[in-house]
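Engineer: what follows is a protein structure lacking sequence information:
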């Protein structure tokens, strides 16, 4: 199933991108997308927020984390549409969080479950409904 043991270890080891001590640094999942009309359930906005079915929010990332690192950490869970490590515009280093958008919901949920089991602060991103 995997090309080699060393490659599998790289893909399964988020520790090179994740610092458990930074787990609480960034705020909980920011809203990432605005779409159609929705409810007003959220205390965080005038419009409703709901969880994405495919987009993961991962926090506690190390400053040197890149988009490619997020892909490497998550590709084993399913096909990925895009990855984005959020960078500080002054230092060009990761702010400690990023996003991984999977092609489908089951792959995204598999990734959340597996990453959380490894101690990674991963959850489904919030989607703002307007």
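Structural biologist: Right, received. Where do you want to start? As the structure is a computational prediction, the values presented were derived from the model and not from experiment.
Engineer: so where is this structure shaky, pLDDT-wise?
Structural biologist: For the chain, applying pLDDT under 70 flags the ranges 1-47.
Engineer: again, only this time at 90
Structural biologist: The model of the chain has pLDDT under 90 over residues 1-49, 127-130.
Engineer: which helix runs longest in it?
Structural biologist: In the chain, taking DSSP state H as the definition, the longest helix is helix 105-117.
Engineer: buried residues of the top strand by length along the chain, list them for me.
Structural biologist: Counting residues, the longest strand found in the chain (DSSP state E) is strand 49-59. Buried residues in strand 49-59, defined by neighbour count with 16 or more other Cβ atoms under 10 Å: 49, 50, 52, 54, 55, 56, 57, 58, 59. Using the backbone N, CA and C atoms, a C-beta is placed for each residue, glycine as well.
Engineer: packing partners of that strand?
Structural biologist: Other elements packing on strand 49-59 under the criterion 3 or more Cβ pairs under 8 Å, 6 or more residues apart in numbering; DSSP states H and E are strand 31-35, strand 94-102, helix 105-117, strand 121-129.
Engineer: residue contacts, residue 78?
Structural biologist: By Cβ atoms under 8 Å, 6 or more residues apart in numbering, the residues touching residue 78 are 102, 103, 104, 106, 107, 108, 110, 111.
Engineer: again, only using 10 Å
Structural biologist: Residue 78 sits next to 54, 100, 102, 103, 104, 105, 106, 107, 108, 109, 110, 111 when contact means Cβ atoms under 10 Å, 6 or more residues apart in numbering.
Engineer: farthest-apart pair in the residues you listed, please.
Structural biologist: 100 and 106 (14.4 Å; Cβ to Cβ).
Engineer: between the two, which is the more surrounded one?
Structural biologist: residue 100 (30 against 13; other Cβ atoms under 10 Å).
Engineer: so how far is residue 82 from the more buried one?
Structural biologist: 8 Å (Cβ to Cβ, to the nearest Å).
Engineer: bridge partners for the closest residue to residue 109 other than its chain neighbours, pull those for me.
Structural biologist: Residue nearest to residue 109 in three dimensions, not counting chain neighbours: residue 124, with 7.9 Å by Cβ to Cβ, 6 or more residues apart in numbering. Going by DSSP bridges, residue 124 is paired in beta bridges with residue 56.
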